[in-house]
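In: Here's a sequence, model it:
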Amino acid sequence: MQFVSPEELIKSDGLRIVVVKGGPSPWGQAAKAMMEYKGLTLKAALWQGGGANEEIVNWSGANSAPVVAWNKEKPIDRWDDILFLIERLAPQKPLLPESREERVQIMGLSHEICGRQGLGWNRRLSMFAPALSSGKAPEPMIKMGEKYGFSPEEAAQGDNRVIATLNLLTKRLKAQQAAGSMYFVGQNISPVDFYWAAFSCIIDLPPNEICPVPDAMRPMFSRISDGVRAAIDPVLLTHRDRIMKAHFKIPMEM
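Out: Prediction:
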């Protein structure tokens, strides 16, 4: 993947993505991996965590990454809009099947991972909780907390919601394996497999040779409750490792 400056990215045509610098932001990493799986050519720029990112914000209207754009179309930043764009650009290698039943399963599971009040959303709340509750959080984290609706009450529920989603994914994957499938839905890889592989990194952070997170940031990603740790079934990590080895660039680019 070619990294360019924000200015060059904005002026370019074709497929472009803005990803978070130095952190395993799973929304962006999953989108990037699906683009590469489909053989799409893309350029990328880096979102500076805690920075103003004025060029990107003024261009896209989004206040976080990922941001994706295709030619002169309006930039998009919602996970489902990005997925549908990726499908449109490379329909010959689909990630969404024709089966309506399987599509419903895929979109439902994907929302539980990527969407509002989903796995990533609630994990962010629990990651922010120690700093935000201390009253000494840096301004960028305060703004992120506001975006995700942080409150002590919401943060207290975050881990329980993460555990419920992990239990759901474990049950689903084991049922699929018992039926002879290697994937979360049907007999073929789908967005759910990519999303789980990417989002698992903020639940169980891989080593630097896979996920090169700065040493100063690793404690925030690595700190999880005993309840969440107990809910990370080995079947989930085995699946994550297989999908990442086959379909993600390692070490992850960020």
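In: distance of residue 22 from residue 208?
Out: Per CB to CB, to the nearest Å, residue 22 is found 12 Å from residue 208. All C-beta spots, glycine's among them, are computed from the backbone N, C-alpha and C.
In: Likewise for residue 254?
Out: Shown here: residue 254 relative to residue 208, a distance of 12 Å by CB to CB.
In: and the one helix or strand residue 243 maps to, how far out from the chain's middle?
Out: Counting by DSSP states H and E, the element that carries residue 243 is helix 234-247. Relative to the chain's own centre, helix 234-247 is displaced by 15 Å; criterion: CA atoms, centre = their mean, to the nearest Å.
In: Pull out the buried positions in that helix.
Out: Counting neighbours by 16 or more other CB atoms under 10 Å, one finds that the buried residues in helix 234-247 are 236, 239, 240, 243, 244.
In: which other helices and strands contact it?
Out: Judged by 3 or more CB pairs under 8 Å, 6 or more residues apart in numbering; DSSP states H and E, helix 234-247 is in contact with helix 26-37, helix 152-178, helix 191-199.
In: State the pLDDT value of residue 83.
Out: In the prediction, the pLDDT value recorded for residue 83 is 98.
In: typo on my end, residue 178
Out: Residue 178 is assigned a predicted lDDT (pLDDT) of 98.
In: Tell me, how many residues neighbour it?
Out: 8 (other CB atoms under 10 Å).
In: and it, how far is that from residue 164?
Out: Relative to residue 164, residue 178 is positioned 21 Å away (criterion: CB to CB).
In: now swap in residue 60 and tell me
Out: Residue 60 sits 33 Å away from residue 164, taking CB to CB as the criterion.
In: same deal with residue 247?
Out: Taking CB to CB, one finds residue 247 at 27 Å from residue 164.
In: Same check on residue 59?
Out: Distance, residue 59 to residue 164, by CB to CB: 38 Å.
In: Looking at these two, which is more packed in?
Out: Neighbour count, other CB under 10 Å: between residue 59 and residue 164, residue 59 has more, with 18 against 14.
In: you'd agree that one is up against residue 12?
Out: No. Because the distance of 11.5 Å does not satisfy CB atoms under 8 Å, residue 59 is recorded as not touching residue 12.
In: for the stretch 1-150 of the chain, what spans make up the strands?
Out: With DSSP state E, counting those that start in this stretch applied, the stretch 1-150 of the chain shows strands at 2-3, 15-20, 42-47, 67-70, listed in chain order.
In: So which elements touch the helix or strand bottoming out on mean pLDDT in the chain?
Out: Between all helices and strands in the chain, the lowest mean by mean pLDDT, DSSP states H and E belongs to helix 139-147, at a mean of 77. Of the remaining helices and strands, those touching helix 139-147 by 3+ CB pairs under 8 Å, 6+ apart are helix 119-134.
In: For residue 33, which non-adjacent residue is spatially closest?
Out: Taking CB to CB, 6 or more residues apart in numbering as the measure, residue 33 lies nearest to residue 248, with 4.9 Å between them; neighbours along the chain are not counted.
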